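Novice: Test case, fold it:
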Amino acid sequence: MKTKKKKWYEYLWIASATYLTLGFLNILFAWLGLICFFVPLMISIVKGNKSYCNKYCGRGQLFDLLGNKVGLSRKKNIPAFLRSKWFRYGFLIFFLTMFGNMLFQTYLVFTEVNGVKEVVKLLWTFKLPWSFAYHGTIVAPWVAQFAFGFYSVMLTSTVLGAITMALYKPRSWCVYCPMGTMTQGICKIKKSL
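Specialist: Sure thing, here's the model as predicted:
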């Protein structure tokens, strides 16, 4: 019996795990997470599909691996309210508001109104001291502030995804992922043109 040879993109879960580790060691690596923001948007704009979500999303692959192969998922159906349009778009608006706040905090450091806050906010609420991952560098302070904020967003979404993975099916996060909701919206607009 032949074993199916894995394709290169089936290993992108390693990139997600590496990203979280690198941000833990040095916060400036958080900037790499922008790849996970721009690539899905570009694919949906250019190709008009969600191939990033379906094939290339390392986070979805990581949840699939942890949930199915490691057995950390209860594999229950996700509740209907999490699949609903009002929840998905409401979560997207909330997520974008938090992203906007992160950009505003970066701007305040850029204009020297505030100094760098060496914390990661988990679930947009809990301030975790993260000074061990930043020791001052030759980069401007606002670059570090953006990294702290962006890592907060990425860590928070990973924690939310891990919780829904454990409670429901492994890729339950994908149902209400803000990036997935945005790319889906872009695909609908592109098809209607």
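
Novice: And the pLDDT for the residue nearest the centre of the chain?
Specialist: Nearest to the geometric centre of the chain sits residue 154, at 4.3 Å (C-alpha atoms, centre = their mean). On pLDDT, residue 154 comes in at 96.

Novice: Surely it touches residue 19?
Specialist: Yes - counting by C-beta atoms under 8 Å, residue 154 does reach residue 19; the two are 7.2 Å apart. Just so you know, the C-beta spots here come from the backbone N, C-alpha and C atoms, and that holds for glycine as well.

Novice: got any residues that touch both of the two?
Specialist: Counting by C-beta atoms under 8 Å, 6 or more residues apart in numbering, the residues touching both residue 154 and residue 19 are residue 33.

Novice: Tell me the spacing between the residue nearest to the centre of the chain and residue 99.
Specialist: 11 Å (C-beta to C-beta, to the nearest Å).

Novice: I'd say residue 49 and residue 40 touch.
Specialist: No - in this structure, residue 49 is not within contact of residue 40 by C-beta under 8 Å, at 10.6 Å.

Novice: neighbour-wise, which of these two wins?
Specialist: Taking other C-beta atoms under 10 Å, residue 49 and residue 40 do not tie; residue 40 has more neighbours (22 against 16).

Novice: ranges for the strands of the protein?
Specialist: 119-122, 126-129 (DSSP state E).

Novice: Tell me which of those strands lies nearest to residue 146.
Specialist: strand 119-122 (12.7 Å; C-beta to C-beta).
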